[in-house]
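**Q** dropping a prediction and its sequence here:
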Amino acid sequence: MDHDPLAEARLYYGMAWRGAAAGVAAYAPVFIPPSPGVRWDGLAIATLVFALLIALLAAGSRRTRTGVVDRPYYIAQNAVANAAVVLGMWSIDAHEASLAPLLSLILLYNTAFGTWPLLVWTWVVGVSCHFAGSLLSGADLRWTISATIIFGAAGGAAQLAVDHLVGHSRTLVRQIGGEREIAAQAARDADVGTALNAILPRAVDVLGARTVAVMLGSDDGWEMLAGVDADGLVPLIDQVTPHGVVVGSLNGHSVLLCVDAAGEMDARSLRFVGDMVGVVVERAGFVTQLRHQAEVDGLTGLANRRHLDLTLDQLTRRGTPFALMLLDLDHFKELNDHEGHPAGDDVLRRCGALLATISRRGDVAARFGGEEFCLVMVGAANAEADMLSQRLGAAWAREEMPVTFSAGIAAYRPGEPSASVIARADAALYAAKRAGRARVVFEDAPPRPLASDQRAGLA
């Protein structure tokens with residue numbers, strides 16, 4: 001657990017106040033009349049018991065960093081504090097009526113720090129000490145039993161009231177702490193999955209929910225972006241009902257915060273969690289848009305040169321086999337000069353669409369620059385590359401494109417950098433240009449004209 005100076009300070013202050021309260025409880029009988037005689041040996045024992053209490057509190061403060069006293073120390077200090085009061089009262093021969101307020105002080109003060117089993121322990125010890133202290137003070141048995149019953153009933157009712165108030169305060173503190181962590185996590189992680197996986201477990205605690213999930217709408221239904229239940233497990237999608245609060249949109253689809261509440265939820269906390277999830281989703285959409293702008297060519301919708309270079313670097317670092325086809329539109333400048341740039345842009349867009357159509361899963365089609373395009377055929381051998389080039393030529397003819405294209409293909413050689421593969425494919429492309437255009441050249445192979453119907457659009 002991380003060191004939290006604030007939690008440690010709260011712990012030490014709590015220990016100090018509890019020690020002071022125990023000290024007052026131990027020594028207050030000296031000042032409470034009547035005191036016909038002081039048993040100094042008993043008072044010395046009470047002082048030693050009080051010193052033991054301080055030692056227990058100090059040891060407990062060194063052993064914990066959570067702000068909650070360990071159970072053994074809680075039990076021990078409560079028993080010792082009550083024993084110190086009884087010994088002190090007996091030592092000064094105080095009246096039995098003075099016993100109840102002092103034991104009540106310990107009873108109520110310890111109520112603020114324990115769980116229900118420990119509260120029961122505190123009540124049992126307090127009632128027992130009241131009974132024993134009353135008898136030691138000289139009260140008769142009947143009076144002692146009646147007074148102890150009244151003390152137990154009043155002390156138990158007071159414990160319930162204090163525990164309710166303290167429990168409400170703890171809930172508020174837990175909610176505020178959880179909301180602070182949620183806000184920090186929402187601001188820290190740019191990745192939507194990472195941020196949601198960090199936020200939702202805290203949201204379960206803050207909302208007191210059985211399940212919290214974030215659902216993304218799609219054409220095929222609902223998809224769960226992230227989810228967690230009260231046990232920290234990811235729920236199955238059929239366990240999440242796609243009804244909740246709309247917190248934003250991602251890629252044009254609605255995003256819902258779905259909460260399966262275990263009881264009545266705090267509306268303010270629900271709004272807060274929804275706002276934080278909305279911030280994460282909005283930022284994810286913005287990041288996706290920026291990434292799209294950084295990696296996609298705006299005119300053709302293909303990958304841009306930056307994305308292409310990153311892909312090639314990854315493939316060469318991993319030693320993944322691939323073939324690279326560079327293609328260039330023939331006489332594109334003349335088309336621009338005669339038909340205008342809008343017509344040229346239209347041809348570039350149509351070329352991009354054709355490359356995307358003939359690409360296989362895992363291939364990367366990119367605009368290399370100007371009227372040059374590139375197709376990275378991952379895992380392809382020469383035969384597959386030849387088949388894809390012929391498929392492109394046939395699609396080109398069906399589209400009746402107003403220009404032809406020339407292409408050069410090179411296969412990756414293990415250990416070479418990506419720039420070397422590009423250079424060899426570029427050399428093959430210029431060999432195709434020199435051979436008369438409208439053809440494909442494999443490196444170290446004679447130029448091969450494309451299917452003759454590639455020129456159908458020029459007729």
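**A** Sure thing, it's come through.

**Q** you'd agree residue 152 is up against residue 125?
**A** No. Counting by Cβ atoms under 8 Å, residue 125 is not a contact partner of residue 152; they are 11.5 Å apart. Every C-beta, even on glycine, is put in place using the N, C-alpha and C of the backbone.

**Q** of these two, who's got more company?
**A** A direct count of neighbours by other Cβ atoms under 10 Å for residue 152 and residue 125 places residue 125 higher, at 21 against 18.

**Q** element containing that one?
**A** Using DSSP states H and E, residue 125 sits within helix 116-136.

**Q** name the helices or strands packed onto that helix?
**A** helix 71-92, helix 99-111, helix 141-188 (3 or more Cβ pairs under 8 Å, 6 or more residues apart in numbering; DSSP states H and E).

**Q** so which elements touch the longest one?
**A** Judged by 3+ Cβ pairs under 8 Å, 6+ apart, the packing partners of helix 141-188 are helix 99-111, helix 116-136, helix 192-207, helix 267-295.

**Q** let me see the mean pLDDT of the first one.
**A** Put plainly, it is helix 99-111. In this model, helix 99-111 has a mean pLDDT of 64.

**Q** and residue 370, what does it touch?
**A** Residue 370 makes contact with residue 332, according to Cβ atoms under 8 Å, 6 or more residues apart in numbering.

**Q** brain fart, residue 303
**A** 295, 296, 297, 311, 364, 365, 366, 367.

**Q** number of nearby residues for the third one?
**A** Around residue 297 there are 21 other residues, counting by other Cβ under 10 Å.

**Q** cool, and the second one?
**A** Counted with other Cβ under 10 Å, the neighbours of residue 296 add up to 17.

**Q** I'd assumed residue 308 was in contact with it.
**A** No. Assessed by Cβ under 8 Å, residue 296 is found out of contact with residue 308, at 11.1 Å.

**Q** element containing the residue lying closest to residue 380 once chain neighbours are set aside, please.
**A** Distance criterion Cβ to Cβ, 6 or more residues apart in numbering; nearest residue to residue 380, sequence neighbours excluded, is residue 323 at 4.4 Å. Residue 323 is located in strand 322-329, with elements delineated by DSSP H and E.

**Q** tell me the helices and strands packed up against that strand.
**A** helix 341-358, strand 372-378, helix 382-398, strand 405-411, helix 418-434.

**Q** if we use 6 Å, what do you get?
**A** When contacts are defined as 3 or more Cβ pairs under 6 Å, 6 or more residues apart in numbering; DSSP states H and E, strand 322-329 sits against strand 372-378, strand 405-411, helix 418-434.

**Q** residue 343: which of the ones you listed is closest?
**A** strand 405-411 (16.3 Å; Cβ to Cβ).

**Q** contact partners of that closest one?
**A** If you take Cβ atoms under 6 Å, 6 or more residues apart in numbering as the criterion, strand 405-411 is touched by 323-330, 385, 421, 424-425, 428-429, 432-433, 437, 440-443.

**Q** neighbouring strands - and their directions - for that strand?
**A** strand 322-329 (antiparallel), strand 439-442 (parallel) (DSSP bridges).

**Q** quick revisit: just give me the lowest mean pLDDT stretch among the helices and strands packed on helix 141-188.
**A** helix 99-111 (a mean of 64).

**Q** so who does residue 204 touch?
**A** 212, 228, 230 are the contacts of residue 204 under Cβ under 6 Å, 6+ apart.

**Q** switch the cut-off to 8 Å
**A** Counted by Cβ under 8 Å, 6+ apart, residue 204 has contacts 210, 211, 212, 228, 229, 230.

**Q** distance of the nearest residue to the fourth one once chain neighbours are set aside from residue 267?
**A** The shortest distance from residue 228 to any non-neighbouring residue, by Cβ to Cβ, 6+ apart, is to residue 200 (4.5 Å). Taken as Cβ to Cβ, to the nearest Å, the spacing of residue 200 relative to residue 267 amounts to 19 Å.

**Q** which one of the two is surrounded by more residues?
**A** Ranked by neighbour count (other Cβ under 10 Å), residue 200 and residue 267 place residue 200 first, with 26 against 8.

**Q** isn't the more buried one up against residue 229?
**A** No. If you go by Cβ under 8 Å, residue 200 and residue 229 don't touch, sitting 9.6 Å apart.

**Q** so which strand or helix has residue 257?
**A** Per DSSP H and E: residue 257 is located in strand 253-261.
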